[in-house]
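Undergrad: What follows is a protein structure lacking sequence information:
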């Protein structure tokens, strides 16, 4: 009886070893399981933070003035502006709020050839709030605030000039794109109404005064900034 029990046990062990070896051989022949899928997500860009940049573009002026001897009492013309800007953004979800200041120098030269009145705008500056909507690395925004400009009126027939600083408001908008985590490019348009000033020309006559209203000043420019 003991001999029969021993033989049965040995047979069971041998069968188990054969089945185990066969399973190992079959498993070795099967290809390895595929790796788990990798979830790919677009990197979320954070617009929050300070930045400083440079810009360049064109300025266009179409100011009205009195008195005028021409049928079209406008000083119209354009020129270039080059400068810099700095600001700070704060992002909440897709909305971006911020404040920005800028200053540009150049030569914007509206004129009226009939009256022989010339203007030179050589400085434009502003402090503006910004509100934008971000889609990843692209930001569309609106902006508005206060602005000022240094202006000179020149009367070549009298070789007389007078300079004033105009103050007013500015509104506009633009589009920015973050090419890297720190390098941000932009295009921007601004419209400014800079109010009126009286320019006196005692060199021409005791009562010679031009009332200039800079109510139609435009800027189109591109910029590049470093975001900290």
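TA: Happy to help now that I have it. Bear in mind the structure is a predicted one, so any value in this text is a computation, not a measurement.

Undergrad: surely residue 98 meets residue 88?
TA: Yes - between residue 98 and residue 88 there is a contact under CB atoms under 8 Å: 5.7 Å. For the C-beta atoms, the positions are set from N, CA and C on the backbone; glycine is no exception.

Undergrad: what about those two, which has more around it?
TA: A side-by-side neighbour count of residue 98 and residue 88, using other CB atoms under 10 Å, places residue 98 first with 22 against 14.

Undergrad: Wasn't the more buried one part of a strand?
TA: Yes - remark: residue 98 belongs to a strand, assigned using DSSP: H, G, I helix; E, B strand; the rest coil.

Undergrad: What's opposite it in the beta bridge?
TA: Assessed by DSSP bridges, residue 98 has beta-bridge partners residue 89, residue 130.

Undergrad: Tell me how far it lies from residue 218.
TA: Residue 98 sits at a distance of 23 Å from residue 218 (criterion: CB to CB, to the nearest Å).

Undergrad: same question, residue 174
TA: Per CB to CB, residue 174 is found 14 Å from residue 218.

Undergrad: Overlap in contacts, the two.
TA: Shared contacts of residue 174 and residue 218, defined by CB atoms under 8 Å, 6 or more residues apart in numbering, are found at residue 189.

Undergrad: Between the two, tell me which one has more neighbours.
TA: residue 174 (19 against 16).

Undergrad: Residue 108 reaches residue 123, doesn't it?
TA: No - taking contact to mean CB under 8 Å, the distance of 9.8 Å between residue 108 and residue 123 leaves them out of contact.

Undergrad: Looking at those two, which is more packed in?
TA: For the pair residue 108 and residue 123, the greater number of neighbours falls to residue 108 (25 against 16), based on other CB under 10 Å.

Undergrad: List the contacts of the more buried one.
TA: When the contact criterion is CB under 8 Å, 6+ apart, the partners of residue 108 are 59-61, 77-81, 120-122, 124.

Undergrad: Select only the buried ones of these in PyMOL?
TA: The buried subset of the contacts of residue 108, as determined by 16 or more other CB atoms under 10 Å, is captured in PyMOL by this line:
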select buried, resi 59+60+61+77+79+81+120+121+122+124
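
Undergrad: which of the contacts of residue 108 lies closest to residue 151?
TA: Nearest to residue 151 among the contacts of residue 108: residue 121, at 5.3 Å, using CB to CB.

Undergrad: For residue 165, see how far away that closest one is.
TA: In this structure, residue 121 and residue 165 are 11 Å apart, going by CB to CB.

Undergrad: joint contacts of the two?
TA: Listed contacts common to residue 121 and residue 165 are 149-151; contacts here mean CB under 8 Å, 6+ apart.

Undergrad: For the buried ones among the residues you listed, write the corresponding ChimeraX selection.
TA: Filtering these down to the buried ones (16+ other CB under 10 Å) takes a single ChimeraX command:
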select :149,151
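
Undergrad: got a markdown table for the shared contacts of residue 121 and residue 165, with pLDDT too?
TA: Output for the shared contacts of residue 121 and residue 165, formatted as a markdown table (pLDDT from 0 to 100):
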| residue | pLDDT |
| --- | --- |
| 149 | 98 |
| 150 | 98 |
| 151 | 97 |
